[in-house]
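*Asks:* Compute the structure for the input listed below.
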Amino acid sequence: MIEVSKLVKRYGPERAVDEISFEVKKGEVLGFLGPNGAGKSTTMKVITCYLPPTDGTVRVDGLDVRTDPVAVRQRIGYLPESTPLYQDMAAAQR
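*Replies:* Residues are numbered from 1 along each chain as shown. Below is the predicted model of the structure:
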C-alpha cells in the first residue's frame, strides 16, 4: 500500500530524511516513533504530497508521489499534530 525506497529530503545542505526505506502492506498499521528532528513529519509530508522528495521513490497504492500527486491525495488522508486551522476563530465561526 505504501512503499518508500531510499527516500531523501534535503533542506539546503541539511538532510532531514536520509535514505529510509520501508513498506506498509494493505491492512497493516504503522507508527513513527523517534525524537524531535528525526524526520517523522517530513516523511509523512512527502508521502502525502505536501513536500516533494529530494531523492528516492515513494508510492501509495502503486502511484508515484512525484508523477501522480493528485491521485495519491485522493487515496490517503493525513491529520498532522498541529491542524492548519485559524486559532483565533471561535468554533461557531469555523
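
*Asks:* show me the contacts for Ser5.
*Replies:* Contact partners of Ser5, counting by CB atoms under 8 Å, 6 or more residues apart in numbering, are Ser21, Gly56, Thr57, Val58. Where you see a C-beta, it was placed from the backbone N, CA and C, and this is true even at glycine.

*Asks:* Now it: closest residue in space, sequence neighbours ignored.
*Replies:* Thr57 (4.5 Å; CB to CB, 6 or more residues apart in numbering).

*Asks:* I'd say the one you found and Lys6 touch.
*Replies:* Yes. Counting by CB atoms under 8 Å, Thr57 touches Lys6, with 7.0 Å between them.

*Asks:* which of the contacts of Ser5 are buried?
*Replies:* Gly56, Val58 (16 or more other CB atoms under 10 Å).

*Asks:* I'd like the contacts of Ser5 as CSV, with secondary structure appended.
*Replies:* Converted to CSV, these look like this (DSSP: H, G, I helix; E, B strand; the rest coil):
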residue, secondary structure
Ser21, strand
Gly56, strand
Thr57, strand
Val58, strand
